[in-house]
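Student: predicted model follows, preceded by the sequence.
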Amino acid sequence: MDAQFLDLLAQQYDTEEKVITEIINLEAISNLPKGTEHFVSDLHGEFQAFQHVLRNGSGTVKEKIKDLFREEWTDQEISDFAALVYYPEEKIQLVKGDLCNKQALNRWYRQTIEHMLKLISYASSKYTRSKLRKALPERFVYIVEELLYKTDLTHNKDPYYEEIYRQIISLGQADKLIIGLAYTTQRLVVDHLHVVGDIYDRGPEPDKIMDTLINYHSVDIQWGNHDALWIGAYSGSLVCLANIIRICARYDNLDIIEDVYGINLRPLLNLAEKYYDDNPVFRPKLQADHNVSESEIVQITKIHQAIAMIQFKLEIPIIKRRPYFNMSERLLLEKIDYDNNEINIGGKTYPLENTCFATVNPEQPEQLLEEEQQVLEKLLFSVQHSEKLARHMNFLMKKGSLYLKYNGNLLIHGCIPLDEEGNMEEMQIEDQLYSGRQLLDVFEYYLRYAFAHPEETDDLATDMVWYIWTGECSSLFGKREMTTFERYFIQDKETHKERKNPYYHLREHEEICRKILLDFGLNPDHGHIINGHTPVREIRGENPVKAGGKMVVIDGGFSKAYQSTTGIAGYTLLYNSFGMQLVAHQKFNSREDVLCNGTDVLSVKRLVDKELERKLVRETNVGEKLQQKISNLKNLLEYRYMK
Ligand SMILES: O=P(O)(O)OC[C@H]1O[C@](O)(COP(=O)(O)O)[C@@H](O)[C@@H]1O
Ligand SMILES: [Mn+2]
């Protein structure tokens, strides 16, 4: 072993005792049960529903409450206590409103603190004291530890403990302590969170999801196609930029662009007002509780058309300069017969409806008007100078990747592109062919390169981010084409269909999943593939657990816009030391509903895989790192102290 490295290590562990203590500590931790992993996907800006799932640990909080108090409490009491753990601030206010006098409230405080401590003690039973300490409310660590670790069998200290409770209450600290303990519990039930893609688009509050993730104790992200789109926009891809604004307009979310990220839409609005009118297919999909005036709707409709047309124009030069993207079928503006208002797609002619081609030059449809060009420049400047967007995109890059191998499983938002025979589909990039894991690594390389070079707007890396959003061999998209144009302008629904990569039916077969796991260097006997991206139509009897349990698809649709197709409000997955469980969630209405009616009872669990023996930290990714550290410390012991 490198002496320099060991000398460096010796600076931190400068006595034999320190080395030995750390080895004992790490060996002991390796023998604890593995922490709980929590998988979520396709959050699509639905912050309220997402944070509810985080707060209840996909049902884990309630399960622990039941384990402890089932015998003595009614269902109502269990729900009330669970609501207190999820939303402590609000629930305390409700309780205060219900209790008639101070004595009753003090009694409630006394009992509640004790119940919370019991729950924390149970929820932290597989963690070290030091890990629990880090999760406790900072200002109360000392007293909470006193109360948690009371081991006085002689009862000599009973009055001492009682006094602690009394003082907390009389000094007016009970609310703060209960709130702190509730958040500690939320944190303890999940050790690590995986977000399997699509934080952005469709829903109203992706920024709040990002802020929550930034503050979360342990998280990784597998980018979804929509996340890649936002990264692309920030990295200088004008066509990605046009897309994010178009989608925000379509879902009545332009305030994310304007108010949240501070991007000035005025120049785009001026252009839109000049060239566009009201148009039924470009009217925004309104959020149920969003009040928008008719004039605002018309304004959004105009912006929607202006940016959609800019998007279609911007696609053309990219498709032309990257023939191996194989997207010439998508040169749609060039296929239009502008005199007769029709288009030829796949040898068939379709009439065009609700068109808005005022800015298109039929001779050169990719040509942007001078004004469009200027609008884009201003938008890009704004996007790349938004401090908040920079923070969110940097975090996406830091914690994100295209796919992740974690504890033997393969996490990926979309797919591994396959051909009909189940072989890895090849894609040519410049003069090289790539497939499978190699292809994904190349995609990720380009995406990171584009992000690192935001000033370059039409190099291969930047174009590639757009390809990741919409290309047929993209592992995040996985469809032959994105039929945005057809859905706006052609009535015939046949043209709206987006043909999926064969992966989406082949993944039902166990051998295919095994083969993919092998390609990624994972053990097919133990590993699973975890996907998001395609809504599972539970309504039509589709099973999210496929290929004999090797494949789990957890997109049940947090996205409100898709809930009528899925029939439920989302799946999440839990993987603890006993195995893997899929949780189906019912629609999330509101916090008020949880607080007053305890409506989160409807999460149903399904076993995916059971560990034959309880899985220990030693057998996890973290365990591997610990073993590496132990081995370094043992080398240090020999090198420095055992002479
Ligand atoms: O219904 P919308 O919002 O117009 O979006 C439809 C588009 O979104 C996509 O489904 C991609 O988004 P998802 O990753 O959420 O599925 C495209 O395939 C499709 O063209
Ligand atoms: Mn997706």
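Tutor: Yes, it's here. Numbering: from 1, shown residues only. Ligands and ions are numbered 1, 2, ... in the order given.
Student: only C-alpha atoms from now on, for both contacts and neighbour counts.
Tutor: Noted.
Student: how about the contacts made by A182?
Tutor: Residues in contact with A182, defined by CA atoms under 8 Å, 6 or more residues apart in numbering, are 84-86, 88, 116.
Student: so can I have JSON lines of those residues showing distance to ligand 1, pLDDT and neighbour count?
Tutor: Supplementary listing: the contacts of A182 in JSON lines, determined by distance: CA to the nearest ligand atom, whole Å; pLDDT from 0 to 100; neighbours: other CA atoms under 10 Å:
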{"residue": "L84", "distance to ligand 1": "33", "pLDDT": "96", "neighbour count": "23"}
{"residue": "V85", "distance to ligand 1": "32", "pLDDT": "97", "neighbour count": "26"}
{"residue": "Y86", "distance to ligand 1": "28", "pLDDT": "95", "neighbour count": "28"}
{"residue": "P88", "distance to ligand 1": "33", "pLDDT": "97", "neighbour count": "22"}
{"residue": "M116", "distance to ligand 1": "39", "pLDDT": "97", "neighbour count": "22"}
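Student: residues near I24, how many?
Tutor: Counted with other CA atoms under 10 Å, residues neighbouring I24 total 12.
Student: got it, and the one 10 residues further on?
Tutor: Neighbour count of K34, defined by other CA under 10 Å: 24.
Student: inside strands: which ones of the contacts of A182?
Tutor: When DSSP state E is applied, these are split such that none fall in strands.
Student: and which of those is nearest to Y13?
Tutor: Distance to Y13 across the contacts of A182 (CA to CA) is lowest for M116, with 37.7 Å.
Student: so what's that closest one up against?
Tutor: By CA under 8 Å, 6+ apart, the contact set of M116 is 178, 181-182.
Student: what of R202?
Tutor: Counting by CA under 8 Å, 6+ apart, R202 makes contact with 44-45, 247-248, 251, 253, 559, 561.
Student: contacts for the host helix or strand of F485, please.
Tutor: Element membership for F485, per DSSP states H and E: helix 484-489. Under the contact criterion CA under 8 Å, 6+ apart, helix 484-489 has outside partners 281-282, 312, 332, 352-355, 493, 495-496.
Student: spell out which residues of the stretch 101-250 of the chain are next to ligand 1.
Tutor: Taking CA under 6 Å from any ligand atom, the part of the stretch 101-250 of the chain that reaches ligand 1 is made up of N225.
Student: where does the stretch 51-200 of the chain dip in pLDDT?
Tutor: Judged against pLDDT under 70, the low-scoring parts of the stretch 51-200 of the chain cover residues 152.
Student: whichever residue of it sits closest to ligand 1: neighbouring residues, count only.
Tutor: Using CA to the nearest ligand atom, D198 is the residue of the stretch 51-200 of the chain that sits closest to ligand 1, at 6.8 Å. Close neighbours of D198, defined as other CA under 10 Å, add up to 27.
Student: and it, which of the three is it?
Tutor: State at D198, reduced to three classes by DSSP: H, G, I helix; E, B strand; the rest coil: coil.
Student: what's it sitting at in phi/psi?
Tutor: The phi and psi values for D198, taken as degrees, to the nearest 10, are phi 60, psi 70.
Student: and it, how close does it get to L43?
Tutor: Distance, D198 to L43, by CA to CA, to the nearest Å: 6 Å.
Student: so for whatever helix or strand K320 lives in, mean pLDDT?
Tutor: According to DSSP H and E, K320 maps onto helix 294-321. The predicted model gives helix 294-321 an average pLDDT of 98.
Student: and which of the contacts of A182 is nearest to M210?
Tutor: Proximity of the contacts of A182 to M210 was ranked by CA to CA; the top entry is Y86 with 19.4 Å.
Student: was I right about that closest one contacting N56?
Tutor: Yes: at 6.1 Å, Y86 and N56 qualify as touching, with contact defined as CA atoms under 8 Å.
Student: find residues that contact each of the two.
Tutor: Taking CA under 8 Å, 6+ apart as the contact criterion, the common neighbours of Y86 and N56 are Q186.
Student: hmm, the helix holding K320 touching ligand 1?
Tutor: No: using CA under 6 Å from any ligand atom as the criterion, no contacts between helix 294-321 and ligand 1 are found, and the smallest distance is 11.8 Å.
Student: any idea how far that helix is from the chain center?
Tutor: Computed by CA atoms, centre = their mean, to the nearest Å, the separation of helix 294-321 from the middle of its chain amounts to 27 Å.
Student: now do the buried residues in it.
Tutor: Neighbour-count burial for helix 294-321 flags 297-316, 318-319 (criterion: 16 or more other CA atoms under 10 Å).
Student: one more: stretch 369-376?
Tutor: With the criterion 16+ other CA under 10 Å, stretch 369-376 contains buried residues 372, 375-376.
Student: ranges for the helices of the stretch 351-500 of the chain?
Tutor: Counting by DSSP state H, counting those that start in this stretch, the segments of the stretch 351-500 of the chain that form helices are 370-384, 387-399, 436-452, 460-470, 484-489.
Student: quick one: closest of these to N340.
Tutor: Within those, the stretch nearest N340 is helix 484-489; the backing value is 13.9 Å (CA to CA).
Student: which parts of the closest one are buried?
Tutor: With the criterion 16+ other CA under 10 Å, helix 484-489 contains buried residues 485-489.
Student: out of these, who's nearest N291?
Tutor: Lowest distance from N291 to those (CA to CA) belongs to Y488, with 24.6 Å.
Student: circling back: list only buried entries from the contacts of helix 484-489.
Tutor: By neighbour count, with 16+ other CA under 10 Å, the contacts of helix 484-489 hold 281-282, 312, 332, 352, 496 as buried.
Student: count the residues that sit near whichever residue of the stretch 151-300 of the chain sits closest to ligand 1.
Tutor: Distance from ligand 1 to each residue of the stretch 151-300 of the chain (CA to the nearest ligand atom) is smallest for N225, at 5.6 Å. The burial metric for N225, expressed as a neighbour count using other CA under 10 Å, is 28.
Student: pretty sure it contacts W469?
Tutor: Yes: N225 lies in contact with W469 (CA under 8 Å); the separation is 4.9 Å.
Student: distance check, D609 against ligand 1.
Tutor: Between D609 and ligand 1 the distance is 27 Å, computed by CA to the nearest ligand atom, to the nearest Å.
Student: how about the secondary structure of that residue?
Tutor: Three-state secondary structure (criterion: three-state DSSP) places D609 in strand.
Student: tell me the bridge partners for it.
Tutor: Beta-bridge pairing of D609, defined through DSSP bridges, involves M580.
Student: wait, it sits on S577?
Tutor: No: counting by CA under 8 Å, D609 stays clear of S577, with 11.1 Å between them.
Student: picking that back up, now the helices of the stretch 351-500 of the chain in a markdown table, with mean pLDDT and distance to K550?
Tutor: As requested, those are arranged in a markdown table below (pLDDT from 0 to 100; distance: least, CA to CA, whole Å):
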| stretch | mean pLDDT | distance to K550 |
| --- | --- | --- |
| helix 370-384 | 98 | 41 |
| helix 387-399 | 98 | 25 |
| helix 436-452 | 98 | 18 |
| helix 460-470 | 98 | 25 |
| helix 484-489 | 98 | 33 |
